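**Q** Build me a model from this:
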Amino acid sequence: MRHAAVLVLGSLLALAACGGSAGDGAESSDLPGTQDSAGSVPTGTGGQACQSDSDCPAGTGCSSSVGVCVAFPPWSTVFSVQVDPDPAGALVGDQFADLTIDTTGALDLSLAAPVTVQGRVFHAPTGGSWTGSNGAVPTSPASDADVAEGRLVAVATGRVPGTQFRSDAQVLGFDASGTNAPRFSLRLLPNLAYQVTFIPGAGAVEALPPFSFPMQVGADLTSDVVLPPDAAYLRLQGVVRQRGDQGQPIPIAGAQVAGKVGADAIGTSTLTDAQGVFAVILPPGSGTVDITVSAGRSPSLFPTRHFLWDGGLDALKVEYAAAPFLTLDVDPVPAIRTVSVQIFGKVGSVVKAVPMAQVTAVGTAGNGDFTASTSTDASGVGTMDLLEGTYTLAVTPPSESPWAASETALNLLTQDSQAFLIPLGARVPVTGHVIRASTGLPVAGAVVSLMTNRQAAMAAVAQAGATEAVFEATTALDGSFALSIDPGSYALAVTPPAHTGFPRVAYPSIDLTTAHTLGVSLPEGALIRGRIRAAADGAPLASTTIRLFFPISLTTAKNTWSLGDTSFASTLQTAAEGCTDAEGLFDMVVPVVAKDGQGLNPDGTSTNDKGLADFGLPAIDLQ
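**A** Got it, this is the predicted structure:
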């Protein structure tokens, strides 16, 4: 059974597990560009080398994780903290929002013991109530066949914006030697509202849909999870077809069929067999029934179709009882056109083919959705089969290309051509320097990461899948860097070499639609250190990951594009990350943030208003 606090802005992002101890310098991190650039920074630009505090000047301490002297915080600073113990242990991860760390830099935390929920998972008898429904649930299964096996996954909203707590446990099936013995043990944080999902095991005789229910407990508890009765699930069979050239119905093999009831009750999904036949199971629930048919692995091309029953399960049951075999016709299917696109970059009289570009077509055809993609060859040419309809073509060159991503409209209803030329403009040059704010000296070996989700300019890619891109460069000996990027809004992170003792910095939003020069001034680092213990017995917790976040509000996170639905939101919010050694000790270097709140808002604007959530970092010189 595992439990962790994870960052899930857009997609689930688990914290990096400790790869070593803070004492041996093997700090683990999922921050982009974190590296050991020993030897790449001129002597004297980083902190004084040390092995203990006795090697350091007054007002500083020895950071064992980076081996240099670092000053203690000059004033009290607020951070949110996430702690994830070794998953092999008995404790679970927790979060501590808005902790004030004083000028000693001391951060000692204790993890309380979790509550444990034990029990069995089984189906209620026909007509019986189940967990989360109205009515008393049964206290034992009616038969051995009702006992289920699989996995329980519990998720709760984190105390840090944009994070979640997640815990899971294996559920064992029927055991003749102890029918009343608990078959799962799930560890949770006390008094936290979880949504728990039971996922049936792959070895089950019949693959039933997942089952979700709320759970909040304050103490250890024995409680069975009672699933809906077997009879409450609606089992459907049917065939997926399309009309042939002569109007005859032709079954479609390999089509994807998936069912859903309302917004939350997810049914099973499957592929049609060689005769186009499918079987899906819908769970009990309320709301519109949606059975979606898409091309899946079928060689046939057709738009994605949604077959809806607004009257819900009751309406579908009546229809299915009268004719217990669904016929899902995906017509009308528009004509198929093989389309070739040639992608080329053009600046003035310079014209060059763009190889290895990803071309994604997203649009509508025949009153349904249709998506296709291809990659360009060495001549910049890509070919794909499209249904006649209206599309947006999103072109994404590789990150090392000098040409910018773009979108263009394609209307196959009005355009008869089979081949299309798509020009791309040049990427935007972004240059800059990274210096130490207190001395003006350059910082070499720092990794500069510019991150974007392209959603404002690449709506088609946003609809079809991932839009994110990261452009990175490493600063030279004079602290300079140069990048070519797609024009748009970016978040910036700068990660100095670990051995310098300089902190990393991040800026959630910078407008880089045109060429700019960036001046990034690294603030001084502050040493934060302490010990993580178990609250029950005071035992030190080794191999525990600690992450410090800049404190921001949930509203700010939701209203700032880079702190919302992106996978790099955690990178931007993270001030530092560390790992405990065998004695539970850790240390990390955080940026000294402005005492008066002067700095940048997460939206990139300057502020000196303490009421606004900001990172309090030195402003970027944007020219």
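
**Q** Give the burial count for the nearest residue to residue 139 once chain neighbours are set aside, as a bare number.
**A** Once flanking residues are discounted, residue 139 sits nearest to residue 224: 7.3 Å by C-beta to C-beta, 6 or more residues apart in numbering. Glycine gets a C-beta too; all of them are placed from N, C-alpha and C. By other C-beta atoms under 10 Å, the residues close to residue 224 number 19.

**Q** Which pLDDT value does the model give residue 224?
**A** Listed pLDDT for residue 224 reads 94.

**Q** how close does it get to residue 200?
**A** The gap separating residue 224 from residue 200 is 16 Å, by C-beta to C-beta, to the nearest Å.

**Q** Shouldn't residue 314 be within a helix?
**A** Yes: assessed with DSSP: H, G, I helix; E, B strand; the rest coil, residue 314 lies in a helix.

**Q** How many neighbouring residues does it have?
**A** Residues near residue 314, counting by other C-beta under 10 Å, number 11.

**Q** any idea which strand is longest in this structure?
**A** With secondary structure taken from DSSP state E, the chain has its longest strand at strand 336-347.

**Q** Contacts for the helix or strand following that strand next, please.
**A** Sequence-wise, the next helix or strand downstream of strand 336-347 (DSSP states H and E) is strand 350-353. Applying C-beta atoms under 8 Å, 6 or more residues apart in numbering, the contact partners of strand 350-353 are 342-346, 376, 378-381, 403.

**Q** what do you get if the cut-off is 10 Å, keeping everything else the same?
**A** Residues from elsewhere that reach strand 350-353 (C-beta atoms under 10 Å, 6 or more residues apart in numbering): 342-346, 376-381, 401-403, 423-424, 426.

**Q** Make a PyMOL selection of whichever of those turn out to be buried.
**A** In PyMOL syntax, the buried subset of the contacts of strand 350-353 is picked out as below (16 or more other C-beta atoms under 10 Å):
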select buried, resi 342+343+344+345+376+380+381+401+403+423+424+426
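
**Q** Next, the buried residues of stretch 472-490.
**A** Taking 16+ other C-beta under 10 Å as the neighbour-count basis, stretch 472-490 is seen to contain the buried residues 472-476, 479, 481, 483-490.

**Q** Surely residue 510 forms part of a strand?
**A** Yes: checked against three-state DSSP, residue 510 lies within a strand.

**Q** okay, now residue 285: neighbour count?
**A** When neighbours are defined as other C-beta under 10 Å, residue 285 has 20 of them.

**Q** Just to check, it is in contact with residue 264?
**A** Yes: between residue 285 and residue 264 a contact is recorded at 7.2 Å, counting by C-beta atoms under 10 Å.

**Q** Quick check: beta-bridge partners of residue 280?
**A** residue 236 (DSSP bridges).

**Q** Residue 121 now?
**A** Beta-bridge partners recorded for residue 121 (DSSP bridges): residue 225.

**Q** roughly how far apart are it and residue 417?
**A** 58 Å.

**Q** same thing with residue 139?
**A** Look at residue 139 and residue 417: by C-beta to C-beta, they are 70 Å apart.

**Q** quick one: contacts for residue 47?
**A** Residue 47 is in contact with 56, 60, 62-63, 66-71, 499-502, 524-525, 527, 589, counting by C-beta under 10 Å, 6+ apart.

**Q** before we move on, what SS does it have?
**A** On the three-state scheme (three-state DSSP), residue 47 is labelled coil.

**Q** Enumerate every residue touching residue 136.
**A** By C-beta under 10 Å, 6+ apart, residue 136 lies in contact with 128-129.

**Q** Please name the residues that touch the nearest residue to residue 296 once chain neighbours are set aside.
**A** Spatial nearest neighbour of residue 296, chain neighbours left out: residue 256 (3.1 Å); criterion: C-beta to C-beta, 6+ apart. Taking C-beta under 10 Å, 6+ apart, we find residue 256 in contact with 240, 269-272, 278, 292-298, 304.

**Q** where are the low-confidence patches of the stretch 301-450 of the chain?
**A** Along the stretch 301-450 of the chain, segments meeting pLDDT under 70 are nowhere present.

**Q** Which residue ranges of it form strands?
**A** Here the stretch 301-450 of the chain has its strands, by DSSP state E, counting those that start in this stretch, at 305-309, 326-329, 336-347, 350-353, 358-365, 368-375, 381-387, 390-396, 406-411, 419-424, 428-436, 447-452.

**Q** for the third one, packing partners?
**A** Yep, that's strand 336-347 we're talking about. Packing partners of strand 336-347 (3 or more C-beta pairs under 10 Å, 6 or more residues apart in numbering; DSSP states H and E): strand 350-353, strand 358-365, strand 368-375, strand 381-387, strand 390-396, strand 406-411, strand 419-424.

**Q** buried residues in the third one?
**A** Right, strand 368-375. Neighbour counts over strand 368-375 (16+ other C-beta under 10 Å) mark 368-374 as buried.

**Q** Tell me the one among those residues nearest to residue 316.
**A** Set against residue 316, the nearest of the buried residues of strand 368-375 by C-beta to C-beta is residue 368 (20.8 Å).

**Q** nearest spatial neighbour of the closest one, skipping sequence neighbours?
**A** Nearest residue to residue 368, sequence neighbours excluded (C-beta to C-beta, 6+ apart): residue 303, at 2.5 Å.

**Q** so that neighbour touches residue 293, yeah?
**A** Yes: if you go by C-beta under 10 Å, residue 303 and residue 293 touch, sitting 9.4 Å apart.

**Q** Show me the strands in the stretch 1-150 of the chain, by range?
**A** 2-7, 60-63, 68-71, 77-84, 94-101, 109-111, 115-119, 121-123, 150-157.

**Q** for the ones you listed, which one sits closest to residue 360?
**A** Each of these was scored for nearness to residue 360 using C-beta to C-beta, and the closest is strand 2-7 (27.0 Å).

**Q** quick one on the thing from earlier: mind checking how far the longest strand of the chain is from the chain centre?
**A** Centre-to-centre, strand 336-347 and its host chain are 32 Å apart (C-alpha atoms, centre = their mean, to the nearest Å).

**Q** again with stretch 355-364
**A** Its chain's C-alpha centre and that of stretch 355-364 lie 23 Å apart, by C-alpha atoms, centre = their mean.

**Q** can you check stretch 571-588 too?
**A** Stretch 571-588 has its C-alpha centroid displaced from the chain centroid by 21 Å (C-alpha atoms, centre = their mean).

**Q** can I get the CA coordinates of that stretch in PDB?
**A** Extracted as PDB, the C-alpha positions of stretch 571-588 are listed here (Å, rounded to 0.1, in the frame of the first residue of the first chain):
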ATOM      1  CA  THR A 571       8.400  23.300 -11.000                       C
ATOM      2  CA  LEU A 572       7.300  26.900 -10.900                       C
ATOM      3  CA  GLN A 573       5.900  26.700  -7.400                       C
ATOM      4  CA  THR A 574       8.900  24.800  -6.000                       C
ATOM      5  CA  ALA A 575      11.400  26.900  -4.100                       C
ATOM      6  CA  ALA A 576      13.600  24.000  -3.100                       C
ATOM      7  CA  GLU A 577      13.600  20.200  -2.700                       C
ATOM      8  CA  GLY A 578      15.600  17.900  -0.500                       C
ATOM      9  CA  CYS A 579      15.900  14.500   1.000                       C
ATOM     10  CA  THR A 580      16.600  13.300   4.600                       C
ATOM     11  CA  ASP A 581      19.600  11.200   5.500                       C
ATOM     12  CA  ALA A 582      19.700   8.200   7.800                       C
ATOM     13  CA  GLU A 583      19.200  10.500  10.900                       C
ATOM     14  CA  GLY A 584      16.200  12.300   9.300                       C
ATOM     15  CA  LEU A 585      18.300  15.400   8.700                       C
ATOM     16  CA  PHE A 586      18.000  17.600   5.600                       C
ATOM     17  CA  ASP A 587      19.000  20.900   4.300                       C
ATOM     18  CA  MET A 588      18.200  23.000   1.200                       C
END
